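J.: Just to be clear, the model below is a prediction. Sequence and coordinates:
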Amino acid sequence: MLTTRTILLTAAAVVGLPAINAEALTPLSTDLSIDPGITDGPSEHATLAPSAFERQPDAAYEPIARITNRRAHSQCVPFARNESGVDIHGDAYTWWDQAATRYERTNAPQEGAVLVLHGYNDPNRGHVAVVKEIVSSRMIIVDHANWLNHGEITRDVPVRDVSPNNDWSQVQVWYVPTRHWGARNYEVQGFILNMLQDAQRANVQAPAGAATTQVAMKAAS
C-alpha cells in the first residue's frame with residue numbers, strides 16, 4: 001500500500017528535486033485528517049444511560065423574561081386572543097365561563113393554550129396569558145400583556161405551580177422588574193385550548209355545506 005510519504009518522494013525524484021526531509025513533504029492537514037476523537041467502538045454518548053440526559057431542576061432554570069414593547073398600550077384580552085386564536089371577547093374574568101360551551105378546557109397546561117387567572121386584584125378581575133412552553137410539570141413559560149398595568153407586552157415569563165397537589169390551581173408569576181418570583185399566589189381557573197367543541201365545529205361547518213347545496217340546486221334548475 002502506497003503511503004502519502006512514498007508518493008511525495010517518488011514525485012520529487014521524477015521531477016529531479018534533491019532529496020529532502022520527507023516530513024516536510026507531508027501536509028499537516030493530511031496527518032490530522034482523521035479525527036482522533038473517532039474510535040472503532042460506539043461513542044461515549046451512545047452508551048450513556050437515559051438518566052444522564054435528565055433535565056435540570058426548575059431551580060436551575062435561567063429566566064429570560066423581558067418587556068418587549070413598553071408602548072403597546074395593550075390589554076391582556078386582545079393580546080391573548082391574537083396570540084392564541086381563541087376568539088373570546090369581554091373581560092378576562094369571564095373567559096372561563098364563556099369557553100364552557102365553545103372551546104375545550106383543561107386543568108393541565110398545553111402549549112398554545114390560554115391560562116386563565118381568577119380573582120386578579122379583586123373577584124371581578126382576571127388575567128389571561130398564552131402558554132408558550134412547558135418546562136416541567138411545575139413550570140411553564142407564558143407571553144402576556146399589561147401584567148404590570150402599563151399596557152406593556154412581556155414575553156418568556158415563567159409561571160410555576162405552587163398548589164399542594166400539583167394540579168395547577170395556584171401559581172406564582174415571575175416578576176420582571178426585580179427578577180424574582182412574585183410573592184402572591186394566584187388562583188387558576190384552567191387552560192382554554194384553541195379547539196372548538198364538537199357542537200361548535202358542526203355550527204361552523206353547517207353554513208358551508210348549506211351554501212354548497214343551494215348552489216347545486218340553482219345549477220340544477
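T.: Now that the structure is in, tell me what you want to look at. Numbering: from 1, shown residues only.

J.: in the chain, what spans have low per-residue confidence?
T.: The chain contains residues with pLDDT under 70 at 1-9, 11-53, 120-121, 205-221.

J.: what ranges do the strands span in it?
T.: Using DSSP state E, the strands of the chain run over 66-69, 103-106, 114-118, 126-136, 139-145, 153-161, 170-175, 180-181, 186-196.

J.: Now tabulate those strands in a markdown table and tack on distance to A80.
T.: Any C-beta I mention is one placed from the backbone N, CA and C, and that applies to glycine too. What follows is the strands of the chain, written out as a markdown table (distance: least, C-beta to C-beta, whole Å):
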| stretch | distance to A80 |
| --- | --- |
| strand 66-69 | 15 |
| strand 103-106 | 12 |
| strand 114-118 | 5 |
| strand 126-136 | 4 |
| strand 139-145 | 7 |
| strand 153-161 | 11 |
| strand 170-175 | 15 |
| strand 180-181 | 22 |
| strand 186-196 | 9 |
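
J.: Make JSON lines out of those strands and add distance to G90 and mean neighbour count.
T.: As requested, those are arranged in JSON lines below (distance: least, C-beta to C-beta, whole Å; neighbours: other C-beta atoms under 10 Å):
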{"stretch": "strand 66-69", "distance to G90": "24", "mean neighbour count": "13"}
{"stretch": "strand 103-106", "distance to G90": "14", "mean neighbour count": "17"}
{"stretch": "strand 114-118", "distance to G90": "12", "mean neighbour count": "25"}
{"stretch": "strand 126-136", "distance to G90": "10", "mean neighbour count": "20"}
{"stretch": "strand 139-145", "distance to G90": "16", "mean neighbour count": "24"}
{"stretch": "strand 153-161", "distance to G90": "20", "mean neighbour count": "21"}
{"stretch": "strand 170-175", "distance to G90": "22", "mean neighbour count": "20"}
{"stretch": "strand 180-181", "distance to G90": "30", "mean neighbour count": "13"}
{"stretch": "strand 186-196", "distance to G90": "13", "mean neighbour count": "19"}
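
J.: out of these, nearest to P57?
T.: Shortest distance between P57 and the strands of the chain, using C-beta to C-beta, is found for strand 126-136: 8.3 Å.

J.: quick one, that closest one and strand 114-118 angle?
T.: Angle, strand 126-136 to strand 114-118, by axes from the mean of the first three to the mean of the last three C-alpha atoms, to 10 degrees: 130 degrees.

J.: Compute the inter-axis angle for strand 126-136 and strand 139-145.
T.: Going by the same axes, to 10 degrees, strand 126-136 makes 140 degrees with strand 139-145.

J.: Using CSV, write out every CA atom in strand 126-136.
T.: Taking Å, rounded to 0.1, in the frame of the first residue of the first chain, the C-alpha atoms of strand 126-136 are listed here in CSV:
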residue,chain,number,x,y,z
GLY,A,126,-59.0,38.3,35.9
HIS,A,127,-56.0,37.8,33.7
VAL,A,128,-55.2,35.7,30.6
ALA,A,129,-51.9,34.7,29.2
VAL,A,130,-50.7,32.4,26.5
VAL,A,131,-48.7,29.3,27.3
LYS,A,132,-45.5,29.3,25.1
GLU,A,133,-43.6,26.4,26.5
ILE,A,134,-43.9,23.7,29.2
VAL,A,135,-40.6,23.5,31.1
SER,A,136,-41.7,20.8,33.6
